[in-house]
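# for reference, the sequence and a predicted model appear below.
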Amino acid sequence: MAYIGNDLQVAYQSYQIIDDISGSFNGSTTSFALLVGGVAPVPFPINEQQCLISVGGVIQEPDPTGTNGFKFSGGNIVFSSAPGTGEDFFGVILAGADYVNVGVNYPSGSESAPSITFDTDLDTGIYNPAANELGLVTNGNDAVRINSSGDVTINSDLTVDTDTLYVDSANDRVGIGTTSPGEELQIGSTSSTSSTLPVTLSLGGQYTPQASISLSNLKLKIYDASTDSSGFTAGQTGLSYVCGKNQQHIWYRADGAGTLFESFRSDGSGRLLVGTSSAFVDGFENAFKSSQLSKGGDTGLVRCISYTDEAVPVNNSTVDSWVARRANGNAFNQQLVGHFYIAVPGGVNAFSAVYSVIANSNGISDAVLNLISSETRGTSPVSSVQLANDGVSGAVKLTITYINNSGVVDPISKSYVTFVGLAG
């Protein structure tokens, strides 16, 4: 059986009786305000089919063109013919404008006026922003959009289970375990007392180590727009680290107050630098310094391997080539026992030697330097090797004196001094 008005599939509570307008019928007026309880209904009926109107005991035809029966215009009922004076009237809004319905095609709507909405909140609901897309609107703003592939776009912050996952859309930050991330990605609250980063990388069972490690097979990548990517891969043989685009990588240590100090770094050429930020030649030159290899603090004896800063030979001059000093600038003033290996390359003229050294707590006053062996090619650029006081902290230093011959003393070929032994 067909119904007059909408063919309702779902009953809805908002059936409403339209206020009686028969007192305004005069045979000439055709337009009357549609009111319920003295006010315009919210939501207002979308179309004429959602209302049942009777004039003079005759059900009026809903006709959006206005040719027959009645139509809506703004908030008014407009009859095709003016009702006569004294004719009776009744009207019913069917199912609250019938927003909840099955089997009905809705208009696409818009962000500010979604087509499926609520009787007390007209700017919150669902609309169709484009073909095969679904939009969810709150307060007249596009909140969520789903495209034809099922991709979901959320246009504001996202919170999962209070603080399990939080996306700060305004600042492009993601928090896991926090709703106030201070960085692009923050895991755990800033007040967390955990000493480890709560991240586990699952490699899917037993991982077969790569025959070669490259940026393409890293399991954890760290990206930087200017340096490409760096990252890690793990397996049975341990942890491998790859850095991108010849960058330096620095390792730090922290003291009790949380102040960071550089421990060592690797540079873009694969050299390991300790106590310095630059190297001048390949290999170990400037790689290790005794001041950075103290293992027993500033009071104990330590084993150390030391490479001097590069020393430039100067014609007819004495040049400081090695100093026994700690990271804090204090001298090794308990013992200095070991050997110096000296090399002064210079093309056809070169010098190398091995010296033993013993110095006790009195520093330079009881320091003994003995030549064990030496070799010379051509004319030796070195006239003597001595121990001296550094004049700063009382540390023992090694100096090299060069001959007065600019044709032999080559400032381009640096001198190198290596100490191997015990210092404290």
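Looks like it arrived, so ask away.

# I figured residue 260 hits residue 252, correct?
Yes: using CB atoms under 8 Å, residue 260 is in contact with residue 252, at 4.5 Å. Just so you know, the C-beta spots here come from the backbone N, C-alpha and C atoms, and that holds for glycine as well.

# touching, residue 142 and residue 111? I think so.
Yes: between residue 142 and residue 111 there is a contact under CB under 8 Å: 5.1 Å.

# okay, and the common contacts of those two?
129, 135 (CB atoms under 8 Å, 6 or more residues apart in numbering).

# quick one: which of the two has more around it?
residue 142 (19 against 15; other CB atoms under 10 Å).

# pull the CA atoms of stretch 27-34 into PDB?
C-alpha atoms of stretch 27-34 as PDB (Å, rounded to 0.1, in the frame of the first residue of the first chain):
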ATOM      1  CA  GLY A  27      -9.100  34.000  -0.500                       C
ATOM      2  CA  SER A  28      -6.200  36.100  -1.800                       C
ATOM      3  CA  THR A  29      -3.100  35.200   0.300                       C
ATOM      4  CA  THR A  30      -1.100  32.200  -0.900                       C
ATOM      5  CA  SER A  31       2.000  32.300   1.300                       C
ATOM      6  CA  PHE A  32       2.000  31.400   5.000                       C
ATOM      7  CA  ALA A  33       4.800  30.900   7.500                       C
ATOM      8  CA  LEU A  34       5.400  27.200   8.400                       C
END
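
# hmm, who's touching that stretch?
18, 21, 24, 40-41, 44-45, 72-73, 75-85, 91.

# go through it and flag the buried ones.
Neighbour counts over stretch 27-34 (16 or more other CB atoms under 10 Å) mark 32, 34 as buried.

# quote the end-to-end distance of stretch 131-145.
Stretch 131-145 has an end-to-end distance of 12 Å (criterion: CA to CA, to the nearest Å).

# how about that stretch, which residues are buried there?
Buried residues in stretch 131-145 (16+ other CB under 10 Å): 135-137, 142, 144-145.

# hmm, who's touching it?
So stretch 131-145 is contacted by 111-112, 114, 123-129, 146-148, 152-156 (CB under 8 Å, 6+ apart).

# can I see the domain layout of the chain?
Using automatic domain parsing, the domain parsing of the chain gives 16-98, 116-154, 158-187, 249-286, 302-423.

# any idea which of these scores lowest on pLDDT?
Ranked by mean pLDDT, those end with domain 249-286 at the bottom, a mean of 62.

# correct me, but residue 261 touches residue 250?
No: applying CB under 8 Å, one finds residue 261 not in contact with residue 250, separated by 10.6 Å.

# neighbour-wise, which of these two wins?
residue 250 (13 against 10).

# quick one: contacts for residue 51?
Contacts of residue 51 by CB under 8 Å, 6+ apart are 5, 18, 45, 62, 91-94.

# rewinding a little: list only buried entries from the contacts of stretch 27-34.
By 16+ other CB under 10 Å, those give 18, 21, 41, 45, 72, 77, 79, 83, 91 as buried.

# farthest pair in those residues?
41 and 83 (20.9 Å; CB to CB).

# can you give me the distance of residue 318 to residue 404?
12 Å (CB to CB, to the nearest Å).

# what do you get for residue 118?
99 Å.

# please apply the same query to residue 91.
Residue 91 is 120 Å from residue 404, by CB to CB.

# next: residue 65.
For residue 65 relative to residue 404 (CB to CB), the value is 116 Å.

# cool, and residue 28?
128 Å.

# ok, residue 377 next?
19 Å.

# which one's more surrounded, those two?
Using other CB under 10 Å as the criterion, residue 377 and residue 404 rank with residue 377 on top: 13 against 10.

# I figured the more buried one was touching residue 344, is that so?
No: when contacts are counted by CB under 8 Å, residue 377 is not listed as touching residue 344 (10.3 Å).

# mutual contacts of these two, please.
Joint contacts of residue 377 and residue 344 (CB under 8 Å, 6+ apart) are 350-351.

# for the stretch 301-424 of the chain, which segments are assigned as strands?
302-307, 318-323, 336-344, 350-359, 368-377, 382-389, 396-402, 416-423 (DSSP state E, counting those that start in this stretch).

# strand 368-377 and the fourth one, what's the angle between them?
Angle, strand 350-359 to strand 368-377, by axes from the mean of the first three to the mean of the last three CA atoms, to 10 degrees: 170 degrees.

# contacts for strand 350-359 next, please.
By CB under 8 Å, 6+ apart, strand 350-359 touches 324, 335-344, 366-378, 380-382, 385, 387, 396, 413, 419, 421.

# which of these count as buried?
By 16+ other CB under 10 Å, the contacts of strand 350-359 give 324, 336, 338, 340, 342, 344, 367, 380-382, 385, 387, 396, 413, 419, 421 as buried.

# of these, closest to residue 265?
residue 419 (22.1 Å).

# let me see the contact set for the nearest residue to residue 354 once chain neighbours are set aside.
Once flanking residues are discounted, residue 354 sits nearest to residue 372: 4.5 Å by CB to CB, 6 or more residues apart in numbering. Residue 372 sits next to 339, 353-356 when contact means CB under 8 Å, 6+ apart.

# next one: residue 384
So residue 384 contacts 400-401 (CB under 8 Å, 6+ apart).

# over to residue 176?
164-166, 185-188.

# out of the residues you listed, who's the most crowded?
residue 166 leads the contacts of residue 176 on contacts (other CB under 10 Å) with 21 neighbours.

# my guess is that one contacts residue 186. True?
No: using CB under 8 Å, residue 166 makes no contact with residue 186, being 9.3 Å away.

# identify the contacts common to these two.
What both residue 166 and residue 186 touch, as defined by CB under 8 Å, 6+ apart, is the set 174-176, 178.

# ok, back up a step: in strands, which of the buried ones among the contacts of stretch 27-34 fall?
72, 77, 79, 91 (DSSP state E).

# give me the element the nearest residue to residue 155 once chain neighbours are set aside is part of.
In this structure, residue 155 finds its nearest non-sequential neighbour in residue 142, 5.4 Å apart by CB to CB, 6+ apart. Using DSSP states H and E, residue 142 sits within strand 141-146.

# give me the sheet partners of that strand and which way each runs.
If you go by DSSP bridges, strand 141-146 pairs up with strand 134-138 (antiparallel), strand 152-154 (antiparallel).

# for residue 265, find the nearest of those strands.
strand 152-154 (41.4 Å).
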